[in-house]
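*Asks:* quick one: sequence plus predicted model below, questions after.
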Amino acid sequence: MGKTISEKIISEHVGRDVKCGEFVVAKVDVVMAQDGTGPLSVQELKKMNMERVFDKDNSVLFIDHASPSARKELSNSQKLLREFSKKTGAFLSDVGEGVCHQRLVEDWVNPGNLVVGADSHTCTSGALGAFSTGMGSTDIALAFALGKVWLKVPETHKFVINGVLPSGVYSKDIILHIIGKIGADGATYKAMEFEGDTIDNLSMSSRFTITNMAVEAGGKTGLISTDETTRSYLEERGRGDKFREIKSDSDANFEKVLEIEAAKLEPLIAFPHTVDNVRGISEIEDVKIDQVFIGTCTNGRLEDLKVAASILKGRKRHPDTRLIVIPASREVFLEALREGLIETFLQAGASVESPGCGPCVGIHKGVLADGERVLSTQNRNFVGRMGNPEGFIYLGSPATAAASAIEGRIADPRGYLK
Amino acid sequence: MNSPIYGKAWKFGDDISTDHITPGRYFHLRSDLEELARHVLEDADPSFASKVKAGDIIVAGRNFGLGSSREHAPRVIKLAGVSCVIAKSFARIFYRNSFNIGLPLLETNTDEINEGDDLKIDLEKGEIEDEFNGKVLTFLPLSPFMRKLIEDGGIEEHIKKYGDFRVE
């Protein structure tokens, strides 16, 4: 019996052949925490008298969730991370550098790596053929100090997506379709592997959007085999030598296989308050939108900003709809600036904020008023997610978000792309 | 963890997220867990924190604890005095976080347990007895490592005891 990607990568990090269902202790390559979860990790390490990191370059602290800080309690928590970095040598990615998951794929993660992070969307890196998964603060504290974690090797569900995506339909719509189909717990504890010619033809940026949301179906990680697209991405980032072929064996055991025809998809929206509450744009009646947010680890990359800017160019946001744009990292921001995208957003009436999680985590930069509706390119729409349990969060692609900002209601982007 | 566990049931529905348990607007209280615990489950039941008593048991539907990796969620549940959470199923990160901090989670069909029922949980026998209606439910057996984490009082105590992870 062959192995899945998860079984292969975990076997390498355990030092023997492992199969799904086994409990193992595995070495890790990259460990990270952010300002919402890292302070608790630091406190636990202090308590255990274990304030150290296994590998300075690959132990990373990101200040992205409340960045720059919105209040003194958060500032004090962030100070803890800066002090821990000074003391142990752990790498600090401070205010303005960007969202942890985007920064990890830009500068740290390579194919075949085992990555753990104190953030549920750590699964994003799986698009690079790395086994990457979210955990809690104590797990990550121990991983910082010991360079290893306990794991249960997951079973794998395979999602095969074939065909050409229609105009106006993006990888965000693919993953929303899958989550709508299998449910918010449809892949609980499972690794989700995505393959097929649609995936082969996606850029790395679009692939990250898919793996980012694996956890929204309960997945332990989302994985994509490496190919020439992965190789070029790593080469452009100066890590061409780190390319490796990572893929499941043809006789590997997949617990479930789901096939999807890309050509049949349309722009999709996840309605409040669960990510699996997905509807096609053609079946949606008039939904007025008070705020549009384009950004996050899901859809805040250059490709996403380009799509949004192409729709917003020469147009204005609806007078009753606020538009917030946040590039996922400093690098994305700089490139968007060079390409004139930021000017397009500003001319369209957007508020462009510094890189970070922004209003997605409900602390700052766009908390909703009671009864307000937001259309966001983020990954999650739970009650209270954006800081107000009386708010309503709709999720869609950057194109759908841009079209909706113009019309002031949930709008079909396809009319803008002809 | 002493077994059996006795406690009163508080019922919740499906898909209770970590945002219901520890709302994002209290992000700044994460550095003060006692204070954060005053808001436990506020967005699912605003009065829960004032009603819950030491030893009580949360009984929920499917996919309890979905969402963010914040370990603060199981920590404030434990700090509020909850001895155990029973649900039809749990989200993965919440599951490992809970066992890592010594909070047992049990999976069974919770439909027949009602709010206010007195429950008796025997971790060894794998049984939940509803002392109100006399029904006895069996829960999915815990894996040996999860049992060990509960016996040790969480992963930190486990590491102190063995100096390393003992998953075998």
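*Replies:* Looks like it came in fine.

*Asks:* going by C-alpha atoms from here, please, whenever you check contacts or count neighbours.
*Replies:* Fine.

*Asks:* any idea which helix is longest in chain A?
*Replies:* helix A:72-88 (DSSP state H).

*Asks:* which other residues reach it?
*Replies:* A:35, A:38-39, A:42, A:51-53, A:56, A:61, A:63, A:66, A:69, A:90-92, B:27-29, B:31 (CA atoms under 8 Å, 6 or more residues apart in numbering or on different chains).

*Asks:* near chain B, which residues of the stretch 301-418 of chain A are found?
*Replies:* The stretch 301-418 of chain A comes close to chain B at residues A:361, A:362, A:363, A:380, A:382, A:383, A:384, A:385, A:386, A:387, A:388, A:389, as judged by CA under 8 Å from any CA of the partner chain.

*Asks:* a markdown table please, covering the residues you listed and showing distance to residue A:161, secondary structure and neighbour count.
*Replies:* A markdown table is the format used below for these (distance: CA to CA, whole Å; DSSP: H, G, I helix; E, B strand; the rest coil; neighbours: other CA atoms under 10 Å in any protein chain shown):
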| residue | distance to residue A:161 | secondary structure | neighbour count |
| --- | --- | --- | --- |
| A:361 | 31 | helix | 26 |
| A:362 | 34 | coil | 23 |
| A:363 | 36 | coil | 26 |
| A:380 | 23 | coil | 26 |
| A:382 | 27 | coil | 25 |
| A:383 | 31 | coil | 25 |
| A:384 | 33 | coil | 25 |
| A:385 | 30 | coil | 28 |
| A:386 | 32 | coil | 29 |
| A:387 | 35 | coil | 24 |
| A:388 | 36 | coil | 21 |
| A:389 | 35 | coil | 22 |
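
*Asks:* what is the nearest of those to residue B:167?
*Replies:* residue A:380 (33.2 Å; CA to CA).

*Asks:* angles on the backbone of the residue lying closest to the closest one once chain neighbours are set aside, please.
*Replies:* Leaving out its chain neighbours, the residue that sits closest to residue A:380 by CA to CA, 6 or more residues apart in numbering or on different chains is residue A:275, at 6.1 Å. The phi and psi torsions at residue A:275 (degrees, to the nearest 10) take the values phi -70, psi -20.

*Asks:* pLDDT below threshold where in chain A?
*Replies:* A:418 (pLDDT under 70).

*Asks:* hmm, what's the outermost residue in it?
*Replies:* residue A:49 (32.9 Å; CA atoms, centre = their mean).

*Asks:* quick check: which element contains it?
*Replies:* Using DSSP states H and E, residue A:49 is not contained in any helix or strand.

*Asks:* check the gap between it and residue A:93 for me.
*Replies:* Distance, residue A:49 to residue A:93, by CA to CA, to the nearest Å: 24 Å.

*Asks:* which parts of chain B sit against chain A?
*Replies:* Residues of chain B lying close to chain A by CA under 8 Å from any CA are B:17, B:19-20, B:23-25, B:27-31, B:43, B:63, B:66-71, B:91-93, B:96-97, B:100, B:145, B:156, B:165, B:167-168.

*Asks:* quick one, strands of the stretch 1-150 of chain A?
*Replies:* A:23-27, A:30-34, A:59-62, A:91-93, A:114-118, A:131-134, A:148-152 (DSSP state E, counting those that start in this stretch).

*Asks:* what helices or strands is the top strand by length along chain B leaning on?
*Replies:* Assignment by DSSP state E gives strand B:5-11 as the longest strand of chain B. Packing contacts for strand B:5-11, counted by 3 or more CA pairs under 8 Å, 6 or more residues apart in numbering or on different chains; DSSP states H and E, involve strand B:57-60, strand B:118-122.

*Asks:* the helices in chain B, which residues?
*Replies:* Under DSSP H, chain B gives helices at B:18-21, B:33-37, B:48-51, B:72-79, B:92-100, B:144-152, B:155-162.

*Asks:* just the stretch 301-418 of chain A next, same as before
*Replies:* Using DSSP state H, counting those that start in this stretch, the helices of the stretch 301-418 of chain A run over residues A:302-312, A:330-338, A:341-347, A:398-407.

*Asks:* mean neighbour count and distance to residue B:128 for the ones you listed - can I get that in a markdown table?
*Replies:* Below are the helices of the stretch 301-418 of chain A laid out as a markdown table (neighbours: other CA atoms under 10 Å in any protein chain shown; distance: least, CA to CA, whole Å):
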| stretch | mean neighbour count | distance to residue B:128 |
| --- | --- | --- |
| helix A:302-312 | 21 | 50 |
| helix A:330-338 | 17 | 53 |
| helix A:341-347 | 21 | 58 |
| helix A:398-407 | 29 | 48 |
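
*Asks:* distance of the residue farthest from the centre of chain A relative to chain B?
*Replies:* Residue A:49 sits at a distance of 11 Å from chain B (criterion: CA to the nearest CA, to the nearest Å).

*Asks:* tell me the contacts of that residue?
*Replies:* By CA under 8 Å, 6+ apart, residue A:49 has no neighbours at all.

*Asks:* try the one 5 residues further on
*Replies:* Contacts of residue A:54 were listed using CA under 8 Å, 6+ apart, and they are A:143, A:144, A:145, A:146, A:147.

*Asks:* now that we have those, which one has the most neighbours?
*Replies:* Within the contacts of residue A:54, most neighbours by other CA atoms under 10 Å in any protein chain shown means residue A:144, with 31 neighbours.

*Asks:* so who does that one touch?
*Replies:* Residue A:144 sits in contact with A:31, A:52, A:53, A:54, A:55, A:59, where contact means CA under 8 Å, 6+ apart.
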